[in-house]
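[1] Below is the sequence, then the predicted model.
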Amino acid sequence: MADAPSQRGARPERPLSPHIQIYKPLINMVMSILHRITGAALYIGTLLLVWWLIAAATSPQYFDYVSSWFQTLIGQLIMIGYTWALLHHMLGGLRHFLWDTGRGFDLATIDKLSWATIVLSLAGTVAIWLAVAAKGMF
Amino acid sequence: MSMRTPLKSARNLGSAKEGADHFWKQRVTGVANVFLGLFLVWLIASLIGADHATVKAKLANPLIALSLLALVVSGTIHMRLGMQTIIEDYVQGEFGKVVALMLNTFFAAAIALASIFAVLKISFGA
């Protein structure tokens, strides 16, 4: 430690733990990352809900203007994406509720729950928008 | 000079008390959001392509308005806590972190207030 004062502030070379690009992506890891990404997307997406509510509270003209945005191809893709993000985040949350009780921690169950999250969220999104389309509202 | 030990300020803040505050609020609002989120999906899906009068009449329904208000309150608390965790994980500098956490709170509050204002305006007959 004779050279300690001169080394103060300098970072010693320490071994680094492997970062995510080292690991082969596992389904539970991908679902964990998607849970955070969908959460952030839902956060930003609340702006759209507020915009729609404000439009409904403002005037028929402004509401029609906002509606026309949601009826564009991009608007519809955003709404479908938002539906998927909501379902995915919700199913991920349910998975966490199960884990909160101390259950479902063996690897086989974790894999099944992770696959169920992505499969059910996609299936649910398709089902909801097919139902909307079938009613002729889309 | 104070004779008090740091223990005083740590006592009662352990894992069973306010230390779990963030975790517990996230879970409680999360449970509420399961139901309120499904309600939102149903509401939006049933109003796709509807005209202004129809939308206004539906949002003015007390049950729908109350559910929307519950969603807004529970949802903005939940998303503020979630974004707080993201910020704490990724923003390195102390100054940037504090600013980001503050903006997060402002954003969640603005979303909540604007939504509540709109729902109440429709409900009370704007």
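    That came in fine, so what should we check first?
[2] how deep is residue 31 tucked in, by neighbour count?
    I went with chain A, as the question did not name one. Neighbourhood size, A:M31 [other CB atoms under 10 Å in any protein chain shown]: 23. Glycine gets a C-beta too; all of them are placed from N, C-alpha and C.
[3] actually chain B
    Other residues within reach of B:V31, judged by other CB under 10 Å, total 14.
[4] I figured it was touching A:H96, is that so?
    No. Contact between B:V31 and A:H96 fails when scored by CB atoms under 8 Å: they sit 10.8 Å apart.
[5] quick one: average pLDDT of stretch B:8-15?
    Within the predicted structure, the mean pLDDT of stretch B:8-15 is 64.
[6] Around chain B, pick out the residues from chain A.
    Along chain A, the residues adjacent to chain B under the rule CB under 8 Å from any CB of the partner chain are A:36, A:39-40, A:42-43, A:46-47, A:49-50, A:53-54, A:56-57, A:59-60, A:63-64, A:67, A:71, A:79, A:83, A:86-87, A:90, A:93-94, A:96-97, A:100, A:128, A:131-132, A:137-138.
[7] could you flag which of these are buried?
    Buried members of these, counted by 16 or more other CB atoms under 10 Å in any protein chain shown: A:39-40, A:42-43, A:46, A:49-50, A:53-54, A:56-57, A:63, A:67, A:79, A:83, A:86-87, A:90, A:93-94, A:128, A:132, A:138.
[8] Name the next helix or strand following the helix or strand hosting A:L48 along the chain.
    In this structure, A:L48 is located in helix A:27-58 according to DSSP states H and E. Sequence-wise, the next helix or strand downstream of helix A:27-58 (DSSP H and E) is helix A:60-70.
[9] And that next one, how far out from the chain middle?
    27 Å (CA atoms, centre = their mean, to the nearest Å).
[10] how many degrees apart are it and helix A:27-58 in direction?
    Taking axes from the mean of the first three to the mean of the last three CA atoms, to 10 degrees, one finds helix A:60-70 and helix A:27-58 inclined to each other by 160 degrees.
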